[in-house]
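Visitor: kindly return the folded structure for what I paste below:
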Amino acid sequence: MSTLASSVQGGVYKSAPAPASLVPGATPPLSHPTPCPSWCRHRFRPLGHHFGPSSTAHFSLQQVLANPDPLPGDLPVLLRAEVTRLDEGGELGEPVMFVQGETDIELDAAGADMLIADMEAFVAKLRVLRGQMDV
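Guide: Prediction:
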């Protein structure tokens, strides 16, 4: 009785919060078995990952090369690049750079000059992504 009495203050019973597994309708937080690399865009949001019972996919921030003159209905993106790593169970996967082309492009001389300048800047971003693969 002394244990109960020490838990009662001012007529209100004080107790620790119930674990999530005991609260009706609550689901325990999901987690994945491998730590995020420093470049993972979801490293502070574990539920942002694509994962299942045996795998976790990590993605870097995506780098985009804009299409300077998209056709009607086309995406304003020419290329996308990001580093990805697929972990299986507790085993870390190999980081890879994923580059995806989005559309065709037809340019005049001025547009070609602009694309070359944009691609040089994009290559610098690819070098940063490549450096993240070694971390």
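
Visitor: just the CA atoms of whichever strand or helix holds residue 56, as PDB, please.
Guide: Take DSSP states H and E as the rule and residue 56 turns out to sit in strand 55-59. The C-alpha coordinates for strand 55-59 follow below in PDB (Å, rounded to 0.1, in the frame of the first residue of the first chain):
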ATOM      1  CA  SER A  55      16.400  -4.100 -47.200                       C
ATOM      2  CA  THR A  56      17.000  -0.400 -46.800                       C
ATOM      3  CA  ALA A  57      17.600   2.000 -49.700                       C
ATOM      4  CA  HIS A  58      19.600   5.200 -49.100                       C
ATOM      5  CA  PHE A  59      19.500   8.100 -51.500                       C
END
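
Visitor: got a list of contacts for it?
Guide: 32-34, 36-37, 39-42, 49-51, 82-89 (Cβ atoms under 8 Å, 6 or more residues apart in numbering). The way it works is simple: take the backbone N, C-alpha and C, and place the C-beta from them, glycine included.

Visitor: what ranges do the strands span in this protein?
Guide: 8-9, 12-13, 50-51, 55-59, 63-66, 77-88, 96-101 (DSSP state E).

Visitor: check those strands for me and report the most buried one.
Guide: Highest mean neighbour count among the strands of the chain (mean count of other Cβ atoms under 10 Å): strand 55-59, with a mean of 20.

Visitor: adjacent strands (with direction) for that strand?
Guide: Using DSSP bridges, the strands paired with strand 55-59 are strand 50-51 (antiparallel), strand 77-88 (antiparallel).

Visitor: residue contacts, residue 81?
Guide: 62, 63, 97, 98, 99, 100, 122, 125, 126, 129.

Visitor: now swap in residue 74 and tell me
Guide: Contacts of residue 74 (Cβ under 8 Å, 6+ apart): 67, 102, 103.

Visitor: got a quick ChimeraX command for the buried subset of those residues?
Guide: Buried members of the contacts of residue 74, defined by 16 or more other Cβ atoms under 10 Å, are picked up in ChimeraX with:
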select :67,102
